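Student: Okay, sequence plus prediction incoming.
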Amino acid sequence: MPKSKTDNTPKEEKTRKDKSGHKRKSTRSHKKHGSSSRKSRQGELDGAIELYCAVYTPRSGNHYHWAFVMYHSELGWCLYEVVQQVDDGPFTAVFRQTDPRSSSRCLPLIHLGSMHADYARQLPAAINGITVPGEAAMWNCQDYVLEIWDAVLGIGAIDEVIWGAGRDNMIPYYGPIQDNDNNEDEGEDEDEEGSDDGEGQTRQYQSAEFVYDSDSD
């Protein structure tokens, strides 16, 4: 009998430990799952978010249309631009989840840099805080993208070296298109047809392209 009692005692303790260990394991597993769920709900992402400027050839006028683009494998494409429904109409900020390259008028994307995924929520909030001036002769979609790029620097997502390099890559597409004499002549004709504001009016022509520039065609 003593031997039997001695044999049974360790078995009971082992069973108790096994059960306890299983319970602890289950608890840890549950907490880990809960942590993953919270991560998903909070929108946290892994890796870097790539930042681009999308440049579109105009349907008319002599300015390129610009849009600011973010890409992440989980988020997909996020595109920010300002549009006008009619010539000289007010600007409206627009957000689209679309691949800018789906437009036949989209030039090769200008890669501006990368930012950590931790800024995935902070940057859109900063973009929403940018004032869109409505009808503005001296402001257009290109200025909007440049302001967004300033905001990326402002929240600390990039450093000044990356900011400067990205801006330098965009500037060749800023203002009236001047790749050849024909484009310059067209710009002069459009200035004459517009108001006396000259450069301000040509920027309005650029913005008149906006509404479906990012769509597939």
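Tutor: In hand now; what should we look at? Residues are numbered from 1 along each chain as shown.
Student: Just the element for Ile148, please.
Tutor: Taking DSSP states H and E as the definition, Ile148 sits inside helix 141-154.
Student: just checking, what packs against that helix?
Tutor: Under the contact definition 3 or more CB pairs under 8 Å, 6 or more residues apart in numbering; DSSP states H and E, helix 141-154 sits against strand 48-56, strand 65-72, strand 76-83, helix 122-128, helix 160-170, helix 199-207. All C-beta spots, glycine's among them, are computed from the backbone N, C-alpha and C.
Student: Need the residues that contact the helix or strand following the third one.
Tutor: By that I understand strand 76-83. Using DSSP H and E, the helix or strand that follows strand 76-83 towards the C-terminus is strand 92-96. Strand 92-96 is contacted from outside by 78-85, 128, 130, 132, 144, 210, 214, using CB atoms under 8 Å, 6 or more residues apart in numbering.
Student: For those, which two are the farthest from each other?
Tutor: Pairwise distances among these were taken by CB to CB; the largest, 22.4 Å, belongs to Cys78 and Gln85.
Student: and those two? which has more neighbours close in?
Tutor: For Cys78 versus Gln85, the count of surrounding residues by other CB atoms under 10 Å is larger for Cys78: 19 against 11.
Student: so the more buried one touches Tyr52, yeah?
Tutor: No: using CB atoms under 8 Å as the test, Cys78 is too far from Tyr52 to be in contact (10.4 Å).
Student: distance of Met115 from Gln178?
Tutor: Between Met115 and Gln178 the distance, using CB to CB, to the nearest Å, works out to 32 Å.
Student: And these two? Which one has more around it.
Tutor: A count of neighbours by other CB under 10 Å puts Met115 above the other of Met115 and Gln178, at 22 against 11.
Student: What residues are bridge-paired with His63?
Tutor: His63 has these beta-bridge partners by DSSP bridges: Pro176.
Student: meant to ask about Met115, not that
Tutor: The partner list for Met115 in beta bridges (DSSP bridges) reads Ile49.
Student: circling back: what's the most buried one of the helices and strands packed on helix 141-154?
Tutor: Comparing the helices and strands packed on helix 141-154 on average neighbours per residue, with mean count of other CB atoms under 10 Å, the densest one is strand 65-72 at a mean of 24.
Student: Between strand 76-83 and that one, find me the angle.
Tutor: 160 degrees (axes from the mean of the first three to the mean of the last three CA atoms, to 10 degrees).
Student: what lines up beside strand 65-72 in the sheet?
Tutor: Strand pairing for strand 65-72, using DSSP bridges, gives strand 48-56 (antiparallel), strand 76-83 (antiparallel).
Student: what about those, which gets the closest to Ala157?
Tutor: Distance to Ala157, taken as CB to CB, is lowest for strand 48-56 among the strands paired with strand 65-72, at 8.5 Å.
Student: How is the chain partitioned into domains?
Tutor: According to automatic domain parsing, the chain comprises the domains 1-42, 49-212.
Student: Lowest average pLDDT across those?
Tutor: Of all those, the minimum mean pLDDT falls on domain 1-42 (a mean of 42).
Student: which residues sit in contact with the closest residue to Gln122 other than its chain neighbours?
Tutor: The shortest distance from Gln122 to any non-neighbouring residue, by CB to CB, 6 or more residues apart in numbering, is to Ile155 (5.3 Å). Residues counted as contacts of Ile155 (CB under 8 Å, 6+ apart) are 119, 122-123, 126.
Student: a markdown table for those, including distance to Tyr71?
Tutor: Output for the contacts of Ile155, formatted as a markdown table (distance: CB to CB, whole Å):
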| residue | distance to Tyr71 |
| --- | --- |
| Tyr119 | 14 |
| Gln122 | 17 |
| Leu123 | 13 |
| Ala126 | 18 |
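Student: Thank you, goodbye.
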